[in-house]
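**Student:** only the shape, not the letters, is given here:
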């Protein structure tokens, strides 16, 4: 009796998964007396970088933590918060 992956090593299986890609999706919901308290959605894609690019997945290019732009984004966020506060103050003065 021979298994489908009997002749394959773990490296071969991993290579196939990375080459083809695999998607795991699931939802976990916690309810009490018919009231939903918590929902956890899990989406996992396992693929090589080349395969991910073919699928149009490139989140690592825009992730500030991976591109070293967290400080820049923090400063930009603070500047925008100041501008919003100034605009709100001006609007409050116009309505008075």
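**Tutor:** Received, thanks. Here the structure is a predicted model, which means the values were calculated and not measured.

**Student:** against residue 59, how distant is the nearest residue to residue 21 once chain neighbours are set aside?
**Tutor:** Setting aside the residues directly before and after it, residue 21 is nearest to residue 47 in space (CB to CB, 6 or more residues apart in numbering), at 3.6 Å. C-beta coordinates here come from the backbone N, C-alpha and C atoms, glycine included. In this structure, residue 47 and residue 59 are separated by 12 Å, where distance is defined by CB to CB, to the nearest Å.

**Student:** neighbour count for these two, which is higher?
**Tutor:** residue 47 (18 against 8; other CB atoms under 10 Å).

**Student:** give me phi/psi at that one?
**Tutor:** Backbone dihedrals for residue 47, given as degrees, to the nearest 10, come out at phi -160, psi 160.

**Student:** OK, contacts around it?
**Tutor:** Contacts here follow CB atoms under 8 Å, 6 or more residues apart in numbering; on that basis residue 47 touches 17-18, 20-22, 55, 57.

**Student:** show the buried residues in those.
**Tutor:** The neighbour-count test (16 or more other CB atoms under 10 Å) marks residue 18 as buried among the contacts of residue 47.

**Student:** give the rounded mean pLDDT of the lengthiest helix in the chain.
**Tutor:** Of all the elements of type helix in the chain, the one with the most residues (DSSP state H) is helix 70-95. For helix 70-95, the mean pLDDT works out to 91.
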